[in-house]
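*Asks:* Quick one: sequence plus predicted model below, questions after.
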Amino acid sequence: MEHSFDVKIATEYGMECAVIIKHLYFWIKKNQVCEKNFHDGRYWTYGSVKAFCELFPYMGDKKLRNAFKKLEDNGLIVVGNYNTLPFDRTKWYALTTKGMRLMESGSFDSAKGQLTSGERAIDIRRKGEPIPDIITDIITDISLDSKESNCQTSSKSDVKKCVEAWNALSKYGIKPISKLQSTSQRYQMLSARLNEYGIEDVLKAIDKIKDSSFLQGRTKVSTKWFDFEWFVRPNNFPKVLEGKYDDEKDNSPHEIKTLEEDGWQ
């Protein structure tokens, strides 16, 4: 992948700040065109520090935190929390008027609605936790003046694939999904998992249920609690994906699984 920044911004605020604010700016402008993530009079984008560390590995946790703080202290960005789930601590970021003016006087041609840098596609579908607001395999050197060309995503088709894969588990004793409304909490949680992990990993996690006697309720431990909503919760999904509930490969006694929460999301 390639990252770029405005030299003038880097000179005044530092290279890390210049890279981050350009990244935030692109996704905020895209959200504006798509009319999404609008709260309290601003358009926002979101992501955790851990996710940004994944995207910008050359900075590291400390530099990233310092850069975000510097951008906020200098009045270029504001930080918020508009997560649907109360335990989701993912931070949201918006540019202030000062930050927007800084960006639009530099690398972004607001008249044409195009980024002038030649950023290549950022492939974040790697191991770890990618930034939730990023759509993978997208070229950032695009026009932002067309909703039709820039707001189309595979989210609906991906959701459909996940529902079909989940309902195929009915022969394993898993309760199928009869209805999934876009305004429902479980739909939003599924969308978040798709954005975080990608369609391949979500389908992989669903497929893992086939190899889990525990999740299928075929052990002495009751698993009546296991359903789709439990599966897509942010603290439960990675457990399934990472194989915590997989059947043991040897003849040793099965570990007694519990419903303990992992805390930080």
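*Replies:* In hand now; what should we look at?

*Asks:* what about residue 96, neighbour count?
*Replies:* Applying other CB atoms under 10 Å, we find 16 residues neighbouring residue 96. Glycine gets a C-beta too; all of them are placed from N, C-alpha and C.

*Asks:* List the contacts of it.
*Replies:* If a contact means CB atoms under 8 Å, 6 or more residues apart in numbering, then residue 96 has 75, 76, 77, 78 as its contacts.

*Asks:* Inside strands: which ones of these?
*Replies:* Mapping these onto strands (DSSP state E) picks out 77, 78.

*Asks:* Return the members of the contacts of residue 96 classed as buried.
*Replies:* Neighbour counting with 16 or more other CB atoms under 10 Å marks 76, 77, 78 as buried within the contacts of residue 96.

*Asks:* Show me which positions of stretch 182-194 end up buried.
*Replies:* Of the residues in stretch 182-194, those buried under the neighbour-count criterion (16+ other CB under 10 Å) are 186, 187, 189, 190, 191, 192, 193, 194.

*Asks:* Which of those fall within helices?
*Replies:* Among these, the residues falling in helices (DSSP state H) are 186, 187, 189, 190, 191, 192, 193, 194.

*Asks:* wait, which of these is closest to residue 177?
*Replies:* Within these, distances to residue 177 taken as CB to CB reach their minimum at residue 186, with 8.4 Å.

*Asks:* I figured that closest one hits residue 228, correct?
*Replies:* Yes: in this structure, residue 186 is within contact of residue 228 by CB atoms under 8 Å, at 6.1 Å.

*Asks:* what residues do those two have in common as contacts?
*Replies:* When contacts are counted by CB under 8 Å, 6+ apart, the set common to residue 186 and residue 228 is empty.

*Asks:* thinking again about what came up before, now the buried ones among the contacts of residue 96 in JSON lines, with distance to residue 242 and pLDDT?
*Replies:* Rendered in JSON lines, the data for the buried ones among the contacts of residue 96 read as follows (distance: CB to CB, whole Å; pLDDT from 0 to 100):
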{"residue": "76", "distance to residue 242": "38", "pLDDT": "96"}
{"residue": "77", "distance to residue 242": "34", "pLDDT": "96"}
{"residue": "78", "distance to residue 242": "35", "pLDDT": "96"}
